[in-house]
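Visitor: sequence below, structure please.
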Amino acid sequence: MEVSFSLSTTSTTYLRPSTEALLFRRIKLHLELPISLNRRDSLSLLTRPCCLVHKVNSIKVLCSQKREIPVVEAGSMDEIYDALAIRLLPTAPAASNPNFKYIVALAGPPGAGKSTLASEIMHRVNRLWPQKASSFDSQVKPPDVAAVLPMDGFHLYRSQLDAMENPEEAHARRGAPWTFSPTLLLRCLEKLRNEGSVYAPSFDHGVGDPVEDDIFVSLHHKVVIVEGNYLLLEDGAWKDVSSMFDEKWFIDVDIDTAMQRVLKRHILTGKPPDVAKWRIEYNDQPNAELIIKSKKNADLVIRSIDF
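Guide: A predicted model of the protein is given here:
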């Protein structure tokens, strides 16, 4: 039997009274089995098998897959950025807790918009966080509490590709999962989780190699968004990497749209169009097809639209 009802801002004590109350003011639920709202350090939706549609102005949260993974979509990416930033805001006590650390995986194929989404959410969380942390002096600018940690820094060096059995193939397939070091990424995340801070490598696209210790995630950073292609894979060390996250997000995008974005990116960086198309067919699209299979391991799927 289908049940339909409206959830108002006063219908549950789980919702926070300010921004969240506005965000969820006009949610309508259509479901076959109950849904519960639970509050951890951030708002989460816990569903049993159901067919679910949430509408918040033009933002939708859909749940219809076998594992009932919530799917977020909206009329613009800005609306999605705002909603996801609010999702990551903790309660005031958690915000003031010096040991609070929330690590989010943001995965998706090349061209999905991972870097843009991670950066936009980071800036929004940094702007909104002081409202939740009562310990901040209103006259003092608080330190940034959100950071982005790209997976790109864990590419293998070109010299490591040169040492492989087929160096030409290794360079041609750079960007495939076996051209990264998930073991080093795992160690980095373990140190971040256990010690609260870590130095991580970035990636110099001009040189084509990682830059060691170029990114510092400090004790002040409470929310860390780790973005990369293969964070939700289940093979080998990637499965251990995936287990390190508090939440796992996946940006869902039509593969043809994603590859068109990647093609433009290749051409803008100086590749001739025929070389760019070859690289997509030989490397980028096979990688994207593999990555899309890992969507089933996400806690939240974000529907990407043109920016």
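Visitor: so who does residue 258 touch?
Guide: 109-112, 288 (CB atoms under 8 Å, 6 or more residues apart in numbering). To be clear about C-beta, it is placed using only N, CA and C from the backbone, and glycine gets the same treatment.
Visitor: quick one, what contacts the residue lying closest to residue 150 once chain neighbours are set aside?
Guide: Nearest residue to residue 150, sequence neighbours excluded (CB to CB, 6 or more residues apart in numbering): residue 227, at 5.6 Å. Applying CB under 8 Å, 6+ apart, we find residue 227 in contact with 105-107, 114-115, 117-118, 148-151.
Visitor: residue 157 now?
Guide: Residue 157 touches 209-210, counting by CB under 8 Å, 6+ apart.
Visitor: any chance of the backbone angles for it?
Guide: phi -70, psi 160 (degrees, to the nearest 10).
Visitor: before we move on, back to that, from the contacts of residue 227, which is closest to residue 72?
Guide: residue 117 (11.1 Å; CB to CB).
Visitor: could you confirm the closest one falls within a helix?
Guide: Yes: residue state for residue 117 (DSSP: H, G, I helix; E, B strand; the rest coil) corresponds to a helix.
Visitor: numbering from 53 from now on, please.
Guide: That works, and once the first residue is 53, the last one we named lands at residue 169.
Visitor: and residue 347, helix, strand or coil?
Guide: Once three-state DSSP is applied, residue 347 turns out helix.
Visitor: ok, residue 200 - contacts?
Guide: By CB under 8 Å, 6+ apart, the residues touching residue 200 are 167, 170-171, 174, 276-279.
Visitor: per-residue pLDDT, it?
Guide: We have a pLDDT of 98 for residue 200.
Visitor: just the one 4 residues further on next, same as before
Guide: Listed pLDDT for residue 204 reads 96.
Visitor: for residue 220, same thing?
Guide: At residue 220, the pLDDT recorded in the model is 96.
Visitor: just the element for it, please.
Guide: Taking DSSP states H and E as the criterion, residue 220 maps to helix 219-224.
Visitor: for whichever helix or strand comes after that helix, name the packing helices and strands.
Guide: Per DSSP H and E, the first helix or strand lying C-terminal to helix 219-224 is helix 234-247. In terms of contacts (3 or more CB pairs under 8 Å, 6 or more residues apart in numbering; DSSP states H and E), helix 234-247 is packed against strand 154-159, strand 250-256, helix 289-294.
Visitor: in helix 234-247, what counts as buried?
Guide: Judged by neighbour count using 16 or more other CB atoms under 10 Å, the buried positions of helix 234-247 are 234, 236-238, 240-241, 244.
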